[in-house]
Every structure is written in structure tokens, then in C-alpha cells.
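**Q** okay, predicted coordinates and the sequence, questions at the end:
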Amino acid sequence: MKPTQKIYRITLRSSPRSIKRVEGYLQKINDAVGLDEIQMHKLMVSLTEAVNNAILHGNKSRADRKVSVRCEVVPGWLLFEINDEGRGFRPDQVRNPLREENLHRESGRGIFLMRTLMDKVEFEHLPSGMQVRLWLNLNK
């Protein structure tokens, strides 16, 4: 990894079509940091899920709301902060997608995937909405 600390930002409209911009955003970060294929895949899945949740569940796809994504490159880590303008949720009340009664549901796996693929996942209610923080250890 290059030694410079850098911050990358992107602001998205609350439309499912905006999710396609995540790939180009991650490619820009990858060009600077040099992720391996596994790291890139983990980030693509996790960040896409976080942005999708922010758009659909946080902002309810309202055109007047935005989703902001910030990536900070710190020594040995990438930290992504995904902010929506919604009312938030309680992560401890999210259904477990592995329970038998939830296996056939069409949604509900995003947080599970993020927690499985990232080294650390945090949720915080902010005055402006909900924030999800995704941490990827670059030294694994």
C-alpha cells in the first residue's frame, strides 16, 4: 500500500440506479491502494449492500435524499463510512437470515454479508441519519 493517507468521497442519489456508481468509486480507490482480487470482491459486495440499504431502507428511495460514502485510507486499513438521511434502525433487531423461517425471504442478507466479509462493521445513529462503518484490514 502506498504510504499517503487519502480520503475518497462520493455522493449518490437515492435511486437504485445509483448503485452502479459504486464499482467506479471502488476502482478509483483500488488504483491508489492496490487491493487484491479477494479484497476487491469483499468490498464490492459489502459496499454495494450498504449503499443499497441506505437508499432503499434508510432514505426510502426519496429523490430529495442523498447517500454519502467516504473512504479513508489509514495505515493498514480502509475505513468506509456510508451515511443516509433516514430515521435509522436497530441492528440488534435485524432478522437472522440463517434461521429457518428467514431462509426463503428475498431480502435481509445485507448486514449478514457485511459482517461476514468485513473485519469490522459498526452502526451509529447520527442527527442527520444513519451511518454504517465498514473496516477492511489490508494486512490480512
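**A** Looks like it arrived, so ask away. Residues are numbered from 1 along each chain as shown.
**Q** give me the number of neighbouring residues for I111.
**A** Close neighbours of I111, defined as other C-beta atoms under 10 Å, add up to 21. (Each C-beta comes from the backbone N, C-alpha and C, glycine too.)
**Q** relative to V74, how far out is it?
**A** I111 sits 24 Å away from V74, going by C-beta to C-beta, to the nearest Å.
**Q** repeat that for N59.
**A** Taking C-beta to C-beta, one finds N59 at 28 Å from V74.
**Q** what of E23?
**A** E23 is 23 Å from V74, by C-beta to C-beta.
**Q** same deal with G129?
**A** Taking C-beta to C-beta, one finds G129 at 24 Å from V74.
**Q** so which of these two has more stuff around it?
**A** G129 (20 against 12).
**Q** where is the longest helix in this structure?
**A** helix 37-53 (DSSP state H).
**Q** wait, isn't I19 in contact with V51?
**A** Yes: counting by C-beta atoms under 8 Å, I19 does reach V51; the two are 5.7 Å apart.
**Q** intersection of neighbour lists for these two?
**A** Residues within reach of I19 and of V51 at once, by C-beta atoms under 8 Å, 6 or more residues apart in numbering, are L12.
**Q** just want to know which of those two has more residues nearby.
**A** V51 (26 against 18).
**Q** kindly state the pLDDT recorded for that one?
**A** Per-residue confidence (pLDDT) for V51: 97.
**Q** can you show me the CA trace of the lowest-mean-pLDDT helix or strand in the chain as CSV?
**A** One helix or strand of the chain scores below all others by mean pLDDT, DSSP states H and E: helix 110-117, with a mean of 89. Below are the C-alpha coordinates for helix 110-117, written out as CSV (Å, rounded to 0.1, in the frame of the first residue of the first chain):
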residue,chain,number,x,y,z
GLY,A,110,-27.1,-7.4,3.5
ILE,A,111,-25.9,-6.8,7.1
PHE,A,112,-25.1,-10.5,7.4
LEU,A,113,-22.9,-10.3,4.3
MET,A,114,-21.2,-7.1,5.5
ARG,A,115,-20.4,-8.7,8.9
THR,A,116,-19.1,-11.8,7.2
LEU,A,117,-16.9,-10.1,4.7
